[in-house]
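> fold the following for me, if possible:
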Amino acid sequence: MTPWQRFGRKSCALVLIVLFIFLTFLLYSALKSKAGQNKLKYPSSTNCASIGRLFERDLYDETTKKTVRKLDEAKFYGYAKHDQAATAQGSGAGYYQCFCTKHAGAKELSDNKVKKEKRQLLCGRFQADKTFGLALTNAVTVLVAVINIVIRTLNISLVDFIGYDTDSQRVSLVMLSVFWAQFVNTGIILLMTNANLRYSVLSMVPLRNQYPDLDKNWYLDIGPQLVKTMMIMAVYPWLEIFIFGGLKCLKRAMDKSCLCWETDRTKTTTTYNFIFLYSGPEYLMHFKYSSILTQVYISFMFGLFIPVLFPIAALGIANMYIVEKAGLLYYYRKPPMYDDKLQREALEVMKNAPIAMFVMGYWALGNAQIFFGKKSDLRHNNQVTDPLHDLFSTGDGLNQTHMIFAVLLAFAAKKFFHDFLFGCVKTCLQQCGFFRDEDVEGKDVEENIGSFWESLTGDDQKIWYANEVYGRSQYGISSVNDEALERLRKTDRRKVKQEKHTKKYIQGDSRYDILSNYKYQEQF
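As a prediction, the model looks like this:
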């Protein structure tokens, strides 16, 4: 494949991913807009206790012989019925909402003038709207987890479509692409589909949804959705192992006609189908890394003002450790051997998680209503008012936002001067020949090493020889011929000095067999 062909495939894959995420954004926006209509009809800021006191009256109780205050339910019903049409248009005064909240589920009324049938007829639309809104909210939470799985599958297919020379390159790109797509789907899109940017510095962006800031209603509405999504991600390793493991066991039972004790019974007609059925599934290491990175980033991004996300993320990582440890022993196929490139890239990405925490924390901890007691006049319950939240403000003196802003400046300075500027200078000096580039990956380097047998460490030589002798004597199997076994026995490891340099040995697995990777087995 030529570089231009690969570039074309990368461009197509990028366009498809961006298009899929955009369609996801539109889907979330449609669902949240529908749910938001209920929020505007029945705003959570409505004070039903205060409205209920407007309809209380003093009545004489014959039983206790005392004057008590009771609710005039007939009068309350009249006001609620009059307010029903205005509430349906999103401009109700709260009478209909509070009446149905208080009386829709009541079995009896103390005032016989308001019949149960009349209440049910009046509050039927209220109950339907609240049930539909709750269903939409939970649907979005579940949909986030489902789309994350779809994103993973789509990214793996697109990376395979691009094609790479080595499996390590493919796995590395899958890890990064799946992580960024899942992070955008879980954190960014869920945040933007509820945002109202009319009063922010991004007012040119046409987002006019419910929340202009991270206020009390945002915490009551979006906060639980984030917590539920993170809980689903935390327990997903167990769900995956039980669901897909159960399906695997069911297929094996069907292959044996449910006679599982007959070990020599099978319906498969080829060796390949038999091995495929009774071997475990492929171990998707890239997906495990991307899942951990997504949980870390989401917990850091929102954890400064929703602290419960930190223990949930820790629970998710612990669950993954337990499940994957057991799965590698008893369920998955033996994974191929990778170098440390995947781990280094994951750690490099994880180092930037605090930036997301301080960016979102800077905005959340600067909320004027919660932290500084300032708010705009509210003329109607479902009105979206100016949150009085500036990007940078000194009107309230030195506060917590200035400390976070200083940390962000330090991060930005480090990224610009150390990572970007120093990297550019280092590259220029390397090109000019002032010092040698230590990164030798993909280059033809003369390492001045001996033959394979001379480059084994003493420990590798002893372990290999002992395993070979044991395998031959106990099981009659061997991995090397007699000549190679003799070289393992006789090669002298005591001479560690050469004339001009120190003896070099093979690092890592000196007996790596490329055909032990089942991916390469299928290719051959």
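> tally of neighbours for Tyr96?
Using other CB atoms under 10 Å, Tyr96 is surrounded by 25 other residues. For glycine as for every other residue, the C-beta is placed from the backbone atoms N, C-alpha and C.
> and Gln182, that's in a helix?
Yes: assessed with DSSP: H, G, I helix; E, B strand; the rest coil, Gln182 lies in a helix.
> verify the stated contact: it with Val296.
No: here Gln182 does not reach Val296: they are 11.8 Å apart, not a contact under CB atoms under 8 Å.
> out of the two, which sits in the more crowded spot?
Gln182 (27 against 23).
> for Leu26, see how far away the more buried one is.
18 Å (CB to CB, to the nearest Å).
> same check, this time on Ile156
24 Å.
> what of Leu421?
According to CB to CB, Leu421 stands 40 Å off from Leu26.
> and what of Glu282?
Glu282 sits at a distance of 33 Å from Leu26 (criterion: CB to CB).
> how about the helices of the stretch 401-524 of the chain, start to end?
422-432, 458-474, 482-490, 518-523 (DSSP state H, counting those that start in this stretch).
> who are the packing partners of the longest one?
I take that to be helix 458-474. helix 482-490 (3 or more CB pairs under 8 Å, 6 or more residues apart in numbering; DSSP states H and E).
> can you name every helix or strand that the helix it packs on contacts?
helix 458-474.
> buried sites along the helix it packs on?
Residues 460-461, 464-465, 468 are the ones in helix 458-474 that count as buried (16 or more other CB atoms under 10 Å).
> which parts of stretch 388-404 are buried?
388-389, 401, 404.
> and the furthest pair within those?
Between any two of these, the greatest separation by CB to CB is 18.9 Å, found for Leu388 and Ile404.
> any weak-confidence spans in the stretch 1-150 of the chain?
Residues of the stretch 1-150 of the chain meeting the criterion pLDDT under 70: 1, 36, 60-62, 65, 104-117.
> helices along that one, start to end?
Ranges of helices within the stretch 1-150 of the chain are 3-41, 48-53, 73-88, 95-103, 116-162, based on DSSP H, counting those that start in this stretch.
> now the angle from the longest one to helix 95-103?
Helix 116-162 and helix 95-103 meet at an angle of 100 degrees, taking axes from the mean of the first three to the mean of the last three CA atoms, to 10 degrees as the criterion.
> okay, Ile156 and Leu26: which has more neighbours?
It is Ile156, of Ile156 and Leu26, that has more neighbours when counted by other CB under 10 Å, with 19 against 12.
> is it true that that one touches Val178?
Yes: the pair Ile156 / Val178 is scored as a contact, 7.4 Å apart, by CB under 8 Å.
> find residues that contact each of these two.
286-287 (CB atoms under 8 Å, 6 or more residues apart in numbering).
> what ranges does the stretch 151-300 of the chain have for its helices?
Using DSSP H, counting those that start in this stretch, the helices of the stretch 151-300 of the chain run over 167-183, 189-192, 216-255, 271-278, 285-303.
> which residues touch the shortest one?
In other words, helix 189-192. By CB under 8 Å, 6+ apart, helix 189-192 touches 21, 24-25, 28, 140, 144, 207, 222, 225-226, 229.
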